[in-house]
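Participant: fold the stuff below for me.
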Amino acid sequence: MPAVSKGDGMRGLAVFISDIRNCKSKEAEIKRINKELANIRSKFKGDKALDGYSKKKYVCKLLFIFLLGHDIDFGHMEAVNLLSSNKYTEKQIGYLFISVLVNSNSDLIRLINNAIKNDLSSRNPTFMNLALHCIANVGSREMAEAFAADVPRILVAGDTMDSVKQSAALCLLRLNRTSPDLIPMGEWTSRVVHLLNDQHLGVVTAATSLIITLAQKNPDDFKTSVSLAVARLSRIVTSASTDLQDYTYYFVAAPWLSVKLLRLLQCYPPPEDAAIRGRLTECLETILNKAQEPPKSKKVQHSNAKNAVLFEAISLIIHHDSEPTLLVRACNQLGQFLQHRETNLRYLALESMCTLASSEFSHEAVKTHIETVINALKTERDVSVRQRAVDLLYAMCDRSNAKQIVAEMLSYLETADYSIREEIVLKVAILAEKYAVEYTWYVDTILNLIRIAGDYVSEEVWYRVIQIVINRDDVQGYAAKTVFEALQAPACHENLVKVGGYILGEFGNLIAGDPRSSPLIQFNLLHSKFHLCSVPTRALLLSAYVKFINLFPEVKGTIQEVLRSDSQLRNADVELQQRAVEYLRLSCIASTDILATVLEEMPPFPERESSILAKLKKKKGSGTVSDVEDTRKERNTNLGVSSVFQVTSSPSSDLLGLGNSSAVNSGSPPAASNAASLLVDVFSESLPVAPLGTASAPIIEENFSRCFSTSMLDRYFWPSHISGRLLRGSPNISKNAFQTRSRLTALSAFRFVCKNNGVLYENQLLQIGLKSEFRQNLGRMYVFYGNKTSTQFLNFSASVVCHEPLNLNVHTKTADPVVDGGAQLQQILNIECLSDFVEAPVLNINFRYGGSVQNIAVRLPVTLNKFFQPTEMMSQDFFQRWKQLSDPQQEVQKIFKAKHSMDTEITKAKIIGFGTALLDGVDPNPSNFVGAGVIHTKTIQVGCLLRLEPNTQAQMYRLTLRTSRGSVSQRLCDLLSEQF
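Facilitator: Below is the predicted model of the structure:
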């Protein structure tokens with residue numbers, strides 16, 4: 001950059017700035033600024049043309065005034081004129097003014113773009129750098145449109161100077177972040193990648209920053225950068241500090257470039273080429289070896305640079321998770337930092353070890369540092385470091401050390417910062433449940449948890465302990481005894497009262513034989529807490545009282561007196577009043593048998609993923625609890641000794657709340673579910689999880705053959721031309737695996753023929769739920785995407801393809817591009833049926849997860865019967881219309897074997913769910929089913945009559961459909977026959 005000579009100093013600007021600083025008040029400052037603005041305006045409007053120096057000086061004054069917070073509404077044209085100057089200082093001030101004051105909607109943007117184009121084509125490196133800096137600083141879409149082709153061309157041109165290449169790479173990075181759709185990298189990709197071989201390390205550093213961003217969005221296009229990055233990294237780590245003098249920072253060779261190269265390699269899996277992989281391993285070993293060497297300088301800059309490279313190398317080792325030796329060495333190196341005097345290093349070491357604990361290769365090595373981590377939890381001053389210590393204890397916990405870790409976390413909970421208490425409570429509850437070897441320890445732990453941090457124990461925690469106690473007969477007596485003893489404390493937390501009321505109400509009879517816990521003593525103990533509790537807890541206690549009437553008839557009179565008191569029957573809260581009245585009346589008029597039936601013991605809850613774990617995932621988001629860690633813990637639980645709570649656990653989390661829901665009576669906690677879900681009760685069946693691989697494909701296909709005709713699935717939900725095109729576009733998917741996955745999604749779509757809500761698709765990453773409504777020829781479908789992982793989905797998009805656009809029209813609202821870990825995203829689809837159609841539309845989902853692009857195609861359950869309007873008809877009208885539809889083309893008849901039980905009520909529900917009205921008393925044979933309806937489209941209306949004749953002895957059905965349109969008859973017959 002050219003030096004600024006003394007003649008370029010602007011004395012007038014210096015005097016103006018001095019005057020502003022010397023102002024004694026705000027009014028004096030404003031007066032001085034207004035005076036200067038008037039002077040500048042008169043100079044710009046004067047007849048005498050200003051020279052470049054004067055323009056520069058006045059534009060600088062305007063820029064200074066703007067930076068003081070005052071509006072500037074003139075001088076923009078003069079700044080643009082400075083861009084055409086051949087003097088560096090004048091051009092620099094012009095670009096500075098434009099970068100700060102000119103917005104993308106300015107009328108001057110075309111003039112500015114022309115000046116920038118002139119400078120970019122001037123081949124003067126100084127002017128080119130100024131122009132590129134301006135483009136990057138403004139970074140507007142208009143700038144991207146104007147220079148999207150010029151900047152990449154400058155970057156890869158052979159005669160471009162190194163300083164300009166650096167600016168061009170960073171400028172392109174800025175434009176790619178603001179307007180990625182306007183940057184055509186296809187033709188420049190290979191040449192940009194080869195900048196990693198450039199001799200100038202400044203160019204390599206800038207290019208690496210650009211390639212990292214591009215590789216995260218399109219990894220396949222930049223996978224050739226891996227070998228070049230490894231080669232460049234190898235040359236850096238094996239060089240002496242004197243070899244790269246211009247890029248050596250406190251005896252560390254090119255630390256920033258090393259970090260960027262290591263970060264670039266984390267965008268890809270381990271190299272498949274053995275030579276490249278071996279060279280990368282050598283680089284990582286060298287970095288770990290250098291960390292053990294004595295420091296070459298005592299200055300903090302040296303240790304910061306050295307540790308920055310080390311931690312990024314460890315991140316790459318963890319990302320690859322394929323070299324046991326490196327993983328163990330990395331763990332040992334981090335262990336040395338756990339007691340380092342520098343707080344930041346301790347924090348980073350704990351954070352990295354949380355991820356290392358999830359690897360099967362390094363988990364045991366991490367466990368060796370448990371005492372150090374526990375000591376950090378007790379003595380560390382910084383709360384953020386203590387929180388990372390809690391995360392690490394949670395990550396390293398398994399069956400061998402669960403009791404020790406839970407005990408330490410409970411001990412720390414008593415003095416823990418309020419900001420992290422709720423998270424610690426959740427983790428203690430999860431660990432106690434997952435790794436308990438005996439039920440008594442689990443119950444003791446949770447009750448102790450409520451005692452220590454009752455205010456931070458969420459409903460999910462005490463719900464869960466009640467579910468587990470109810471599901472296990474061998475712990476019920478111990479739980480009742482333990483909560484009875486805990487309730488005798490003078491001060492009990494309300495959550496403990498809830499747990500005690502529920503458990504004693506269900507299982508108090510198991511300890512009633514002891515005179516110290518007789519029925520009356522149990523009741524008096526619970527009732528002594530009644531007046532200190534909130535309304536929901538009082539309601540639960542009233543339910544426990546009425547349960548006592550069933551369990552202990554001898555206390556019936558005492559409890560009735562309580563229920564009969566004015567404080568209950570005339571309670572201001574309508575819920576308490578209603579419960580008291582109803583329970584009192586029930587206890588008075590019901591016989592013993594009826595009372596025992598109504599108030600029988602709660603049935604076991606259906607087992608599914610713990611709601612506590614789901615809440616922790618939602619709370620942490622993409623935090624330290626990784627998916628790999630959860631997978632490892634699940635694997636350890638399933639392979640170990642029979643786990644206490646491993647009954648029939650669900651194979652995956654149910655983020656949308658679409659799994660089995662259990663009915664609970666008054667006062668009982670609901671089954672574990674996501675309370676925030678909009679679809680919590682829309683469907684009661686569970687969808688099998690779609691495999692990411694192909695190992696279980698034969699099993700799934702066998703299940704299909706038992707349930708549905710695969711030809712039907714292929715015909716209506718995966719036509720041959722679609723499956724062929726998708727298969728050709730996915731070279732890594734075998735044909736069998738593709739057909740299996742396709743039929744799985746087709747099967748899920750067929751399940752929606754007679755209903756509108758439920759889980760459409762699910763795999764290990766994503767769950768898709770639907771909630772839809774249809775009226776005449778219009779429909780609205782709410783699609784819910786649930787992220788089942790703790791990692792964000794990036795570049796998320798969901799689009800719908802209709803292969804019969806003349807017959808069916810689907811309008812989609814754009815989905816948010818980011819789905820947080822454990823979160824749910826909603827998208828609305830508006831559907832219009834224009835005419836009768838055959839093919840259902842395809843929902844295409846694309847997102848980036850863990851560095852790889854996920855593509856999912858699912859058939860939406862939009863079938864012709866969704867546009868039915870039921871029609872009520874009398875017997876005479878039905879048969880008259882039946883005779884009118886006597887053309888052979890209008891009738892379709894099918895005889896088929898029943899695939900499900902021939903239950904009358906279920907059959908009725910399916911016919912009504914299909915969309916027609918169920919006509920009773922029309923058919924002379926009362927065992928037959930008759931229906932009528934009209935399919936509404938925008939162009940025509942198609943009347944439909946159906947008759948279903950079951951033969952229970954032969955386990956056969958005969959289905960007859962007559963419509964005013966022959967193709968509709970066949971389509972409806974195929975759809976409905978597959979439901980029975």
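Participant: what is the strand or helix carrying Leu170 packed up against?
Facilitator: If you go by DSSP states H and E, Leu170 is part of helix 162-178. Contact analysis of helix 162-178 by 3 or more C-beta pairs under 8 Å, 6 or more residues apart in numbering; DSSP states H and E lists helix 125-138, helix 141-147, helix 150-156, helix 201-217 as its packing neighbours. Glycine gets a C-beta too; all of them are placed from N, C-alpha and C.
Participant: OK, contacts around the residue nearest to Tyr435 when sequence neighbours are not counted?
Facilitator: Nearest non-adjacent residue to Tyr435, counting by C-beta to C-beta, 6 or more residues apart in numbering: Ala402, 3.6 Å away. Under the criterion of C-beta atoms under 8 Å, 6 or more residues apart in numbering, the contact list for Ala402 reads Leu431, Ala432, Lys434, Tyr435, Ala436, Val437.
Participant: so, low pLDDT: which residues of the stretch 701-850 of the chain?
Facilitator: The model of the stretch 701-850 of the chain has pLDDT under 70 over residues 701-750.
Participant: circling back to that earlier point, from the chain's centroid, how far away is the helix or strand just after the helix holding Leu170?
Facilitator: Next helix or strand after helix 162-178 toward the C-terminus (DSSP H and E): helix 189-193. Distance of helix 189-193 from the chain centroid (C-alpha atoms, centre = their mean, to the nearest Å) equals 33 Å.
Participant: do stretch 300-310 as well
Facilitator: 34 Å.
Participant: residues contacting it, please?
Facilitator: With C-beta under 8 Å, 6+ apart as the test, stretch 300-310 has contacts from 249-252, 255, 258-259, 262, 287-288, 290-291, 295-296, 333, 342, 345, 348.
Participant: restricted to helices, list those.
Facilitator: Pro255, Ser258, Val259, Leu262, Ile287, Leu288, Lys290, Ala291, Gln333, Leu345, Leu348 (DSSP state H).
Participant: let me see the mean pLDDT of stretch 479-490.
Facilitator: Mean pLDDT, stretch 479-490: 91.
Participant: what are the buried residues along that stretch?
Facilitator: Ala479, Ala480, Lys481, Thr482, Val483, Phe484, Ala486, Leu487 (16 or more other C-beta atoms under 10 Å).
Participant: for stretch 767-786, same thing?
Facilitator: Those would be 767-772, 774, 777, 779, 781-786, for stretch 767-786 by 16+ other C-beta under 10 Å.
Participant: return the member of these nearest to Leu83.
Facilitator: Tyr785 (48.2 Å; C-beta to C-beta).
Participant: lowest-confidence helix or strand of the protein?
Facilitator: In the chain, the helix or strand scored least confidently by mean pLDDT, DSSP states H and E is helix 697-707, which has a mean of 32.
Participant: residues near Asn846, how many?
Facilitator: The number of residues packed around Asn846, counting by other C-beta atoms under 10 Å, is 15.
Participant: what about Lys556, helix or strand, and which?
Facilitator: For Lys556, the host element (DSSP H and E) is helix 556-564.
Participant: just the CA trace of that helix, in PDB.
Facilitator: What follows is helix 556-564, C-alpha atoms only, in PDB (Å, rounded to 0.1, in the frame of the first residue of the first chain):
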ATOM      1  CA  LYS A 556     -64.000 -44.400  55.200                       C
ATOM      2  CA  GLY A 557     -65.900 -42.400  57.800                       C
ATOM      3  CA  THR A 558     -62.900 -40.100  58.500                       C
ATOM      4  CA  ILE A 559     -62.200 -39.400  54.900                       C
ATOM      5  CA  GLN A 560     -65.900 -38.700  54.200                       C
ATOM      6  CA  GLU A 561     -65.900 -36.100  57.000                       C
ATOM      7  CA  VAL A 562     -63.000 -34.400  55.300                       C
ATOM      8  CA  LEU A 563     -64.700 -34.500  51.900                       C
ATOM      9  CA  ARG A 564     -67.900 -33.300  53.500                       C
END
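Participant: tell me the buried residues in that helix?
Facilitator: For helix 556-564, by 16+ other C-beta under 10 Å, it's Lys556, Thr558, Ile559, Gln560, Val562, Leu563.
Participant: quick check: the third one touching Lys547?
Facilitator: Spelled out, that is Ile559. No. Judged on C-beta atoms under 8 Å, Ile559 makes no contact with Lys547 at a distance of 9.9 Å.
Participant: just curious, which of the buried residues of stretch 767-786 is nearest to Ala168?
Facilitator: The nearest one, if we look at those relative to Ala168 and count by C-beta to C-beta, is Tyr785, at 38.5 Å.
Participant: backbone phi and psi for that closest one, please?
Facilitator: Main-chain torsions, Tyr785, degrees, to the nearest 10: phi -100, psi 120.
Participant: got the contact list for the residue lying closest to it once chain neighbours are set aside?
Facilitator: Nearest non-adjacent residue to Tyr785, counting by C-beta to C-beta, 6+ apart: Leu825, 4.5 Å away. Residues in contact with Leu825 (C-beta under 8 Å, 6+ apart) are Phe784, Tyr785, Gly786, Asn787, Phe796, Ala815, Asp816, Val819.
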